[in-house]
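A.B. asks: Just to be clear, the model below is a prediction. Sequence and coordinates:
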Amino acid sequence: MGNSTNIFWQECPVGKIERQRLLNQKGCVVWITGLSGSGKSTLACSVNRELYSKGKLSYILDGDNLRHGLNKDLGFKAEDRTENIRRVGEVAKLFADAGLICIASLISPYRKDRDACRAMLPDSNFIEVFMNMPLELCESRDAKGLYKLARAGKIKGFTGIDDPYEPPLSCEIEIIQKNGVCATPCDMAGEVMTYLEEKGYLQDQ
Ligand SMILES: Nc1ncnc2c1ncn2[C@@H]1O[C@H](COP(=O)(O)OS(=O)(=O)O)[C@@H](OP(=O)(O)O)[C@H]1O
Ligand SMILES: Nc1ncnc2c1ncn2[C@@H]1O[C@H](COP(=O)(O)OP(=O)(O)O)[C@@H](O)[C@H]1O
């Protein structure tokens, strides 16, 4: 329960249906989860670009970026990560209600937090994408040098090293390596685009 009392929901004359018609698309949340270095941001940017080229409006909520502003008061303790995901879930819900395809890209390591975001979205408009990449691959990429610091004990509580990551039990899309090879960003984005097309998110409403 929240702390506000005596509050009332304000209805507006122009709703989600009208906004979706204006944009010729269906608002939803594409939630990309996975280890640091698994390719979340790369996939988010690739899908964003593909959608743009098809005249569809999307917006990326990237964990790293949001921690510079909205979530700059949060760290990486379990309760901070939970609050981080809750806030981003609420923002993503607003973007989806605005009619946009909102792409959230966060480690979001705890299943219950991701499931809570899913529960916020009506009509199963929550598309969970699991970047199922081996820790060894993520660590070998180490684009920001954080795994090296975590292995040296200079960062405590780093996901995958000394903090947990709980993979989804069931998700809409799972990106995996095939024969030990990772798909190109373009091919990964293609998997998401196909899903969005097949489920009618890119059709005129
Ligand atoms: N302790 C620890 N554990 C994991 N990640 C860490 C940590 N400290 C800093 N970073 C950097 O923060 C980025 C993850 O932020 P998120 O908001 O996505 O994390 S979370 O969803 O709240 O777990 C993550 O970015 P990505 O590499 O893009 O995933 C890291 O660059
Ligand atoms: N499909 C891919 N193939 C090759 N390299 C990739 C792929 N996806 C991501 N990368 C590279 O891996 C590194 C981490 O990717 P990034 O998208 O930043 O991951 P995350 O957002 O999960 O931390 C980057 O250097 C990126 O260029």
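C.D. replies: Yep, it's here. Numbering: from 1, shown residues only. Ligands and ions are numbered 1, 2, ... in the order given.

A.B. asks: State which helix of this protein is the longest.
C.D. replies: Longest helix of the chain, by residue count under DSSP state H: helix 78-97.

A.B. asks: so does the helix or strand containing Val30 get close to ligand 2?
C.D. replies: Assessed by DSSP states H and E, Val30 sits inside strand 28-33. No. Judged by Cβ under 6 Å from any ligand atom, strand 28-33 stays clear of ligand 2, getting no closer than 7.9 Å. Glycine gets a C-beta too; all of them are placed from N, C-alpha and C.

A.B. asks: sorry, back to before: give me the contacts around the longest helix of the chain.
C.D. replies: 16, 27-29, 31, 59, 61, 63, 66-67, 70-71, 74, 102, 104, 106-110, 113-114, 116-117, 120-121, 125 (Cβ atoms under 8 Å, 6 or more residues apart in numbering).

A.B. asks: if we can go back for a sec, determine the set of other helices and strands touching the strand holding Val30.
C.D. replies: Counting contacts by 3 or more Cβ pairs under 8 Å, 6 or more residues apart in numbering; DSSP states H and E, strand 28-33 packs against helix 40-53, helix 78-97, strand 101-105, helix 111-120, strand 126-132, helix 185-198.

A.B. asks: Paired strands for that strand, with orientation please.
C.D. replies: strand 101-105 (parallel), strand 126-132 (parallel) (DSSP bridges).

A.B. asks: looking at those strands, which is closest to Leu35?
C.D. replies: strand 126-132 (7.3 Å; Cβ to Cβ).

A.B. asks: Check the model's average confidence along the helix or strand following that closest one for me.
C.D. replies: Next helix or strand after strand 126-132 toward the C-terminus (DSSP H and E): helix 135-141. Confidence over helix 135-141 (mean pLDDT, whole number) is 98.

A.B. asks: average pLDDT for stretch 182-201?
C.D. replies: Rounded mean pLDDT across stretch 182-201 is 97.
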